[in-house]
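In: just need the structure, nothing else, for what follows:
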Amino acid sequence: MKVYPIPREGIPAPGRNPMQRRTWRQFFFDHLTDLSLFLMATLLLGVVLFPFMVVNVPSGNVGVLWLRFRGGTVLDPRQLKHEGLRIMAPWNEVFLYDLRLQSTTDTYNAIARDG
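Out: Next up, the predicted model:
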């Protein structure tokens, strides 16, 4: 194993290329502050916008999507939001409609034809 002296006057040690390619690890550690600030801002934005972007469509209902910037109500049956957890843009809205069959039984007090 060769032992090189400590470089003096800014001259790099022998065997070390000053134009050596940087690895991902070096890039990560050099930009750690920028990356962490970006991730924290993204996380904060996600937490703030989460209630406006996620819609739960209950069983037996369907969601009709209203697009604010692209033509209003979507009437195509293939683009209806079926039951489950749905993600949408925060500026759009989903209106829920109940599709279950509803039946009622009513009793009437009336006189029959034969009295």
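In: how many other residues sit next to Val47?
Out: Other residues near Val47 come to 9 when the count uses other CB atoms under 10 Å. Every C-beta, even on glycine, is put in place using the N, C-alpha and C of the backbone.
In: bridging across strands, which residues link to Thr73?
Out: Trp66 (DSSP bridges).
In: ok, now which ones touch it?
Out: Applying CB atoms under 8 Å, 6 or more residues apart in numbering to Thr73 gives the contacts 64-67.
In: closest one of these to Val94?
Out: Ranked by distance to Val94 (CB to CB), the contacts of Thr73 are led by Leu65 at 5.7 Å.
In: mind exporting the C-alpha coordinates of the longest helix anywhere in the chain to PDB?
Out: If you go by DSSP state H, the chain has its longest helix at helix 32-53. Output of helix 32-53 as PDB, limited to C-alpha atoms (Å, rounded to 0.1, in the frame of the first residue of the first chain):
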ATOM      1  CA  LEU A  32     -29.400  17.700   1.500                       C
ATOM      2  CA  THR A  33     -30.800  21.000   2.700                       C
ATOM      3  CA  ASP A  34     -32.500  21.800  -0.600                       C
ATOM      4  CA  LEU A  35     -34.000  18.400  -0.900                       C
ATOM      5  CA  SER A  36     -35.300  18.400   2.700                       C
ATOM      6  CA  LEU A  37     -36.900  21.800   2.200                       C
ATOM      7  CA  PHE A  38     -38.600  20.700  -1.000                       C
ATOM      8  CA  LEU A  39     -39.900  17.500   0.700                       C
ATOM      9  CA  MET A  40     -41.200  19.500   3.700                       C
ATOM     10  CA  ALA A  41     -43.000  22.000   1.400                       C
ATOM     11  CA  THR A  42     -44.500  19.200  -0.700                       C
ATOM     12  CA  LEU A  43     -45.700  17.400   2.500                       C
ATOM     13  CA  LEU A  44     -47.200  20.500   3.800                       C
ATOM     14  CA  LEU A  45     -49.000  21.200   0.500                       C
ATOM     15  CA  GLY A  46     -50.200  17.600   0.500                       C
ATOM     16  CA  VAL A  47     -51.600  17.800   4.000                       C
ATOM     17  CA  VAL A  48     -53.400  21.100   3.300                       C
ATOM     18  CA  LEU A  49     -54.900  19.900   0.000                       C
ATOM     19  CA  PHE A  50     -55.800  16.400   1.100                       C
ATOM     20  CA  PRO A  51     -59.400  17.200   2.100                       C
ATOM     21  CA  PHE A  52     -60.100  18.900  -1.200                       C
ATOM     22  CA  MET A  53     -58.500  16.100  -3.400                       C
END
